[in-house]
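1. need a structure here:
(4 chains)
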Number of protein chains: 2
Amino acid sequence: MSTHAIHSDALAQKLADSGLRNTPQREVVYDALLKKRDHPTADEVFARVKPQLPGISLATVYNCLETLTQCDLVRAVNFERGPTRYCPNLHQHAHFHDETTGATHDIELPAALIAKIKAVLPPGYEADALEITFRGKLPAR
Amino acid sequence: MSTHAIHSDALAQKLADSGLRNTPQREVVYDALLKKRDHPTADEVFARVKPQLPGISLATVYNCLETLTQCDLVRAVNFERGPTRYCPNLHQHAHFHDETTGATHDIELPAALIAKIKAVLPPGYEADALEITFRGKLPAR
DNA sequence: TCCTTCTTTAGAATTATTCCAATTACGACT
DNA sequence: AGTCGTAATTGGAATAATTCTAAAGAAGGA
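-> Numbers count the residues shown, from 1 in each chain, chains lettered A, B, ... in the order given. Reported below is the predicted structural model:
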């Protein structure tokens, strides 16, 4: 199994499900997200995949990230006005933005809590998605 | 009390606290937010204040909104990649984005629930801010 | 193979926002 | 009232992230 195909079976499967093709670009982009799960921006992904696919364009990285998001293989994360970041963690989870370093950490959320949060919605409100973001500081390690 | 000065006392007070001046532009912008609480964008605020202050510039609207945000008189709200929206509701609350109309609704959050959510953070994580956003649909009225 | 469709690509265009340099307006202090 | 220093506003240029566009490149099926 080649280095840039860690989860290519899952990828190929999901793409096929949506009637899309599996391309080297999509594999490499997906793989970059899996390999370093630090919520990179499109630019950062671009820089990471270039060594493996020198001809790839930034537009293609955007296209691939969009496609992967559509296929439910990655999640797009936004924080304030910053560039969109991408995350291959599919579990329901919150994000913690460390104001000191700018890093983003995943915070797992118990299902029971998610249910309680959704319960505050007035009757009739139907939530498809729930986004929870903390901003703060981590004490010095 | 003039129309565009509904809460100008609170405004003047908060500005003074921060060593800032009260200007007609700031009053009119703040007033626009109070008058129609539909989470307008900077552009929308610009359009709403123009009749009262025809010479105002978009840059000033951005400046005023930034100032008001600093003074804790309004809250900036971001949703995915869309333009920043502004909200004069200072209570801790979540937002519900209606996918059908694009409208944003405030959802009040019980303090007990907020505490429970903050409790999921690993020890040492200190959250200054908590942002909760729902995306979904309201059934036809 | 040919054809149609899907992808990628480079660069132009767009959107929201910030920056900048030049006025203008205040407020404090004579 | 007059001057001074700082704060605020303005219009336009600049920037950042992303999307659009049109052309060229694969890939799969009849």
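
2. How about the residues of chain A by chain B?
-> Contact residues, chain A versus chain B (C-beta under 8 Å from any C-beta of the partner chain): A:76, A:78-81, A:84, A:94, A:96, A:99, A:107-110, A:113, A:116-118, A:120-122, A:124-139. C-beta here means a position set from N, CA and C on the backbone, and glycine is covered the same way.

3. Among those residues, the buried ones, what's the PyMOL command?
-> Entered in PyMOL, the line below selects the buried ones among these, by 16 or more other C-beta atoms under 10 Å in any protein chain shown:
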select buried, chain A and resi 78+79+84+94+96+107+109+113+117+120+121+125+127+130+131+132+133+134+135+136+137+138
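
4. Now, the residues of chain A next to chain B that are in helices?
-> Secondary structure from DSSP state H places A:113, A:116-118 of the residues of chain A next to chain B in helices.

5. With pLDDT added, can I get these in CSV?
-> Output for those, formatted as CSV (pLDDT from 0 to 100):
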residue, pLDDT
A:113, 97
A:116, 97
A:117, 98
A:118, 97
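
6. right, and out of the residues you listed, which lies closest to residue B:26?
-> residue A:117 (35.5 Å; C-beta to C-beta).

7. Was I right to think that closest one contacts residue A:127?
-> No - Residue A:117 lies out of contact with residue A:127 (C-beta atoms under 8 Å); the separation is 9.0 Å.

8. Identify the bridge partners of the residue nearest to residue A:99 when sequence neighbours are not counted.
-> Distances taken as C-beta to C-beta, 6 or more residues apart in numbering or on different chains put residue A:137 closest to residue A:99, at 5.4 Å, once the chain neighbours are dropped. Bridge pairing for residue A:137 (DSSP bridges) gives the partners residue B:126.

9. list the contacts for residue A:137?
-> Residue A:137 sits next to A:98-100, B:126, B:128 when contact means C-beta atoms under 8 Å, 6 or more residues apart in numbering or on different chains.

10. if you set the cut-off to 6 Å instead, what comes out?
-> Neighbouring residues of residue A:137 by C-beta atoms under 6 Å, 6 or more residues apart in numbering or on different chains: A:99-100, B:126.

11. Residue A:97 now?
-> Residue A:97 sits next to A:79, A:104, A:135 when contact means C-beta under 6 Å, 6+ apart.

12. Now the phi/psi pair for the most centrally placed residue in chain A, please.
-> The residue lying closest to the centre of chain A (C-alpha atoms, centre = their mean) is residue A:87, at 2.0 Å. Per-residue torsions, residue A:87: phi -140, psi 120 (degrees, to the nearest 10).

13. what's the spacing between the nearest residue to it once chain neighbours are set aside and DNA strand C?
-> Distances taken as C-beta to C-beta, 6+ apart put residue A:75 closest to residue A:87, at 4.8 Å, once the chain neighbours are dropped. To DNA strand C, residue A:75 is 19 Å away according to C-beta to the nearest atom of the strand, to the nearest Å.

14. I appreciate the help and will end here.
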